[in-house]
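Enquirer: Could you work out the structure for the sequence below:
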Amino acid sequence: ANTTILQLQSSSNNSISENADGSLHELKSSLRWEPPQWNFRRAGDSNRTRQSVRGESEGVDNRELLVVLLEVEGHESACTRSGALDMIWTGDENAADFYASVSRGHAALVRNGGVDVVGPVRVAASRVSMEVCDSEAWRTEGLRAIVEAGIKLGRYNTAVYVMPADVPCSWVGMATVGGGHVWLKACEAPVLSHELGHSFGLRHAGTELRDVEAAVEYGDSAAIMGNSWEGGLSTVDLPLPMLVSVGWVPSTQVLVVDESNSGNTFSIAPADRLQDELERGDGSLPPPQALMVVHPQTRERYFFSYRASPVLARSMLVRVHKTPSYTLASTSLIDELGPGAVYRDHRLQYSVVVESISAVEARLTLQYECVRQPPLLVLERHLGSSAMQRVVNTSTLELERGSISYYTLHVTNADTGVCSPTVTRFEFDG
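Expert: Prediction:
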């Protein structure tokens, strides 16, 4: 199977390139990542209890990290040993604390009692290039250094290769998605945390804001899987769909709404609240932390959620994220709404009004609009036995004269679901 590699560009003006490389499987890994089966809540599921749903967030996903500092003559590794330890475990803002918090305790960067950092290791200039970007050569030298140091790879499931900062690669970090290899040319906790997000199976947190023509694949500045990181690690987390995708927030915390819920007002709890804080005490499901609308044709999902912590960037705003039909691990931020603001989806003819936002809940009103459209008419001609011939798909039907034929007329109401019933009348001429 191929391994997808995502690259975090050093400039937001550069596009992200993705490529597949089937050779990155040599490091022994205990990682077994697979998406959970979603168990979204629906309006009216008040009788469901915590015992009636499968726990998606049970257990801890431990990452045993081994860092390899690589340098070549005249070009030092971007990290020192102490810098690497600060970046992962001991600094004021470090990747281990970030993931312990953002995963709600379901992921840990583990110091397993063995060697944490190897090197710096001097690599022969003939084995790597400082003229072109050759990540595979640096990975090979990293693995060589691990073996020559007598370290057993089986004790670790994630290797981090820290190269010189001036390696001619357009990215500052790169990782295999759902795999165990990370490349860095910077000694920064946010960069490592972003790349480790890929190793957990996450992709990028982008933007498709309505007042900006071009989409930005990793432009969500309030998410670690973006790349702006306003204010450092303490101000960012993960969009709620991503938290659901890896099981750190149960999918039962997402309430699916549709046309049948038009006119209703829903309360959602902050996405940054822990499950234990939301427990009701009677065994029933805690209040939802997001609303979700699913496009009936494309199956794209639209999530409405918010964060309440004043430390987090863009808090106390209802943020609207879109995900593709096939994954929740890739998000696009399409709107941010304050109290009184209205989100309108002209394709699906619905709106969401933000009635209020507090540290405890946000109240959202869903309203679908009635759009009248001509009915869909399909006439089928019976050819005998069970064979049928579709004759026409139009609002005007012409029948053949002079012969006896049997037809079936199918009429489909094309109005949106909140419209009142309509009557379709047919006139026969001739």
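Enquirer: Which elements pack onto the helix or strand that contains Val191?
Expert: In the assignment (DSSP states H and E), Val191 maps to helix 189-199. Secondary-structure packing of helix 189-199 (3 or more CB pairs under 8 Å, 6 or more residues apart in numbering; DSSP states H and E): strand 3-9, helix 95-102, strand 158-162, strand 171-176, strand 181-184. (Each C-beta comes from the backbone N, C-alpha and C, glycine too.)
Enquirer: Apart from its neighbours in sequence, what residue is nearest Gln289?
Expert: Gln253 (4.5 Å; CB to CB, 6 or more residues apart in numbering).
Enquirer: is it true that the one you found touches Phe303?
Expert: No - with contacts counted by CB atoms under 8 Å, Gln253 stays clear of Phe303, the gap being 10.9 Å.
Enquirer: which residues of the stretch 51-200 of the chain fall in strands?
Expert: 61-72, 107-110, 117-123, 158-162, 171-176, 181-184 (DSSP state E, counting those that start in this stretch).
Enquirer: Just the buried residues of the second one, please?
Expert: If I follow you right, that is strand 107-110. By neighbour count on 16 or more other CB atoms under 10 Å, the buried set for strand 107-110 is Ala107, Leu109, Val110.
Enquirer: Chain neighbours aside, what residue packs nearest to the most centrally placed residue in the chain?
Expert: Taking CA atoms, centre = their mean, the centroid of the chain lies closest to Ala329, which sits 2.6 Å from it. Computed as CB to CB, 6+ apart, the closest residue to Ala329 that is not its neighbour in sequence is Ser245, at 4.3 Å.
Enquirer: Equivalent analysis for Val147, please.
Expert: Leu153 is the one closest to Val147 (CB to CB, 6+ apart), at 7.9 Å.
Enquirer: Export the buried residues of strand 107-110 as JSON lines, with columns for distance to Phe98 and pLDDT.
Expert: Below are these laid out as JSON lines (distance: CB to CB, whole Å; pLDDT from 0 to 100):
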{"residue": "Ala107", "distance to Phe98": "10", "pLDDT": "92"}
{"residue": "Leu109", "distance to Phe98": "9", "pLDDT": "94"}
{"residue": "Val110", "distance to Phe98": "15", "pLDDT": "89"}
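Enquirer: Now do the contacts for the closest residue to Ala124 other than its chain neighbours.
Expert: Leaving aside its sequence neighbours, Ala124 sits nearest to Val72 (CB to CB, 6+ apart; 7.7 Å). Neighbouring residues of Val72 by CB atoms under 8 Å, 6 or more residues apart in numbering: Arg122, Val123, Ala124, Ala125, Val128, Met130, Pro164.
Enquirer: Now for the second one, how many residues are close by?
Expert: Looking back up the chat, that one is Val123. Other residues lying near Val123 total 24 when counted by other CB atoms under 10 Å.
Enquirer: re earlier: so which of the strands of the stretch 51-200 of the chain comes closest to Leu317?
Expert: strand 107-110 (26.2 Å; CB to CB).
Enquirer: Give me the sheet partners of the closest one and which way each runs.
Expert: strand 61-72 (parallel) (DSSP bridges).
Enquirer: Distance of Val216 relative to Ala222?
Expert: For Val216, the distance to Ala222 equals 13 Å [CB to CB, to the nearest Å].
Enquirer: Poorly predicted segments of the stretch 251-400 of the chain, please.
Expert: Applying pLDDT under 70 to the stretch 251-400 of the chain flags the ranges 280, 283, 383-400.
Enquirer: and if we set it to 80?
Expert: 275-276, 279-285, 371-400 (pLDDT under 80).
Enquirer: ok, back up a step: so which of the strands of the stretch 51-200 of the chain is nearest Gly232?
Expert: Closest of the strands of the stretch 51-200 of the chain to Gly232 is strand 171-176, at 15.5 Å (criterion: CB to CB).
Enquirer: Surely Thr252 is in a helix?
Expert: Yes - assessed with DSSP: H, G, I helix; E, B strand; the rest coil, Thr252 lies in a helix.
Enquirer: Tally up the residues packed near it, please.
Expert: Thr252 has 23 nearby residues by other CB under 10 Å.
Enquirer: Touching, it and Phe40? I think so.
Expert: Yes - in this structure, Thr252 is within contact of Phe40 by CB under 8 Å, at 7.1 Å.
Enquirer: re the thing from before, quickly note the distance from the residue nearest to Gln289 to Ala271.
Expert: 9 Å.
Enquirer: Then Tyr99?
Expert: To Ala271, Tyr99 is 17 Å away according to CB to CB.
Enquirer: try Leu240
Expert: Leu240 is 5 Å from Ala271, by CB to CB.
Enquirer: Between these two, which contacts overlap?
Expert: Residues within reach of Leu240 and of Ala271 at once, by CB under 8 Å, 6+ apart, are Val249, Gln289, Ala290, Ser305.
Enquirer: can you tell me the helix or strand for Ser351?
Expert: Ser351 belongs to strand 350-357, assigned by DSSP H and E.
Enquirer: C-terminal to that strand, what's the next element?
Expert: Defined by DSSP H and E, the subsequent element after strand 350-357 is strand 362-368.
Enquirer: Just the CA atoms of that following strand, as PDB, please.
Expert: Output in PDB follows, covering the C-alpha atoms of strand 362-368 (Å, rounded to 0.1, in the frame of the first residue of the first chain):
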ATOM      1  CA  ALA A 362     -24.700  28.600  21.800                       C
ATOM      2  CA  ARG A 363     -28.300  28.700  20.500                       C
ATOM      3  CA  LEU A 364     -28.800  28.100  16.800                       C
ATOM      4  CA  THR A 365     -32.000  28.300  14.800                       C
ATOM      5  CA  LEU A 366     -32.300  26.200  11.700                       C
ATOM      6  CA  GLN A 367     -34.600  27.400   8.900                       C
ATOM      7  CA  TYR A 368     -35.200  25.900   5.500                       C
END
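Enquirer: Note down every partner strand of that strand and its orientation.
Expert: Paired with strand 362-368 in the same sheet, following DSSP bridges, are strand 265-268 (antiparallel), strand 350-357 (antiparallel).
Enquirer: Pipe those into a markdown table and attach mean neighbour count per row.
Expert: As requested, the strands paired with strand 362-368 are exported to a markdown table (neighbours: other CB atoms under 10 Å):
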| stretch | mean neighbour count |
| --- | --- |
| strand 265-268 | 18 |
| strand 350-357 | 18 |
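Enquirer: for the ones you listed, which one sits closest to Thr424?
Expert: Nearest to Thr424, of all the strands paired with strand 362-368, is strand 350-357, at 25.0 Å by CB to CB.
Enquirer: May I see the strands paired with strand 362-368 organised as a markdown table, with distance to Leu364 added?
Expert: Output for those, formatted as a markdown table (distance: least, CB to CB, whole Å):
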| stretch | distance to Leu364 |
| --- | --- |
| strand 265-268 | 5 |
| strand 350-357 | 5 |
